[in-house]
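> Give me the fold of what follows.
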Amino acid sequence: MSILGWIVFGFIVGVVAKLLMPGRDPGGFIVTVAIGVVGALVGGFLGRLLGIYHEGDPGGFVMAVIGSIVLLWIYRRTAGAAT
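A predicted model of the protein is given here:
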């Protein structure tokens, strides 16, 4: 998959994670989706590293969403405490 493909995939996963975690985020929609993209990359990498799924498996989407949700949760806790 090309870099542009990964960005689009990460954007979609970030939006899904935002929809699953409603509420106000300290950085707004763009920052939230950017964190979702990073979470998707981290979740996808860890899933493949642990052998939970292989590249192209549908489980990758689930792991990407879980990674995004975890990073969004961490972001809300740390950025919310700083304000």
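> what's the helix or strand for the residue nearest the centre of the chain?
Geometric centre of the chain, nearest residue: S68, 2.3 Å, by C-alpha atoms, centre = their mean. Element membership for S68 (DSSP states H and E) is helix 59-82.
> And the pLDDT for I3?
For I3, the pLDDT comes out at 68.
> what do you get for the one 4 residues further on?
I7 is assigned a pLDDT of 74 by the prediction.
> again with A81
On pLDDT, A81 comes in at 57.
> list the helices and strands the helix or strand encompassing F29 packs on?
Assigned by DSSP H and E, F29 falls within helix 28-49. With contacts defined as 3 or more C-beta pairs under 8 Å, 6 or more residues apart in numbering; DSSP states H and E, helix 28-49 has these neighbours: helix 3-20, helix 59-82. The way it works is simple: take the backbone N, C-alpha and C, and place the C-beta from them, glycine included.
> Quick check: buried residues in that helix?
32-33, 35-44, 47-48 (16 or more other C-beta atoms under 10 Å).
> Tell me what angle that helix forms with helix 59-82.
130 degrees (axes from the mean of the first three to the mean of the last three C-alpha atoms, to 10 degrees).
> quick one: contacts of helix 28-49?
Contacts to helix 28-49, defined as C-beta atoms under 8 Å, 6 or more residues apart in numbering, come from residues 6-7, 9-11, 13-18, 25, 27, 53-55, 59-60, 63-72, 75.
> in the helix holding S68, what's buried?
Buried-residue list, helix 59-82, by 16+ other C-beta under 10 Å: 60-69, 71-72, 75-76.
> Between helix 3-20 and it, find me the angle.
Put simply, helix 59-82 runs at 60 degrees to helix 3-20, going by the same axes, to 10 degrees.
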